[in-house]
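>>> What follows is a protein structure lacking sequence information:
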């Protein structure tokens, strides 16, 4: 087992065990050992999945889930500090938000950090955003991409309502709309009128980069 692989395994277990100081230390060590930010974020995601499994078994409680989320967000600050992106020339502008009736933002926060580090100009609207909030943001910021995030199944209806609102405002055709979050499945584009959906972090980055490359080539 390589040093990086060993550190990644330790990081996953440290997050699953809610060992706050150990998580921060391992993020730094794994990064210094040559792992990419995306690798480490994927490891942290695996750790969070383990936390969820332990919660479902009854060993962890709601407070433990909240604490795990706090560790995760703080680890993102260690992994992707604001100065990570140094270029003043941005690839493209993205508006992102968790749609109406949903408040789950950990996944969104990860994506915001990843995209910002990859030199996108990201406007984060926050959680429980009504369709009109996205319309107003598009009118104000003129983004290339709008990302709609949601965890709960009810978020699917909110995603479609948001897209309908963008259509009614005459803004839909100028946008690339990407869906993400726990409510997304391989069939979601069959009933939600978006351009694409992403279920993995790497897929999100790939789709955003591919779109701006086509648009500005």
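It's in. Here the structure is a predicted model, which is why all the values come from computation and not from measurement.
>>> Report how many residues lie close to the residue nearest to residue 124 when sequence neighbours are not counted.
Using C-beta to C-beta, 6 or more residues apart in numbering and skipping the chain neighbours, the partner closest in space to residue 124 is residue 112 (5.1 Å). To be clear about C-beta, it is placed using only N, CA and C from the backbone, and glycine gets the same treatment. With neighbours defined by other C-beta atoms under 10 Å, the count for residue 112 comes to 21.
>>> Residues contacting the helix or strand where residue 147 lies, please?
In this structure, residue 147 sits in strand 145-149 according to DSSP states H and E. Residues outside strand 145-149 that contact it (C-beta atoms under 8 Å, 6 or more residues apart in numbering): 92-99, 102, 105, 107-108, 111, 134, 138, 155, 159, 162-163, 166, 175-181, 194, 204, 208, 211-212.
>>> ok, now with 6 Å
94-96, 98-99, 108, 159, 162, 175-181, 208 (C-beta atoms under 6 Å, 6 or more residues apart in numbering).
>>> Show the subsequent helix or strand relative to the lengthiest helix in the chain.
The longest helix of the chain (DSSP state H) is helix 37-56. Toward the C-terminus, helix 37-56 is succeeded by helix 62-79 as the next helix or strand (DSSP H and E).
>>> circling back to that earlier point, the strand holding residue 147 pairs with which strands, parallel or anti?
strand 93-98 (parallel), strand 176-180 (parallel) (DSSP bridges).
>>> How far off centre is that strand?
How far strand 145-149 lies from its chain's middle: 10 Å, per C-alpha atoms, centre = their mean, to the nearest Å.
>>> likewise stretch 10-21?
21 Å.
>>> Not counting sequence-adjacent ones, nearest residue to the residue sitting nearest the centre point of the chain?
Residue closest to the average C-alpha location in the chain (C-alpha atoms, centre = their mean): residue 111, at 2.6 Å. Leaving aside its chain neighbours, residue 111 sits nearest to residue 204 (5.7 Å; criterion: C-beta to C-beta, 6+ apart).
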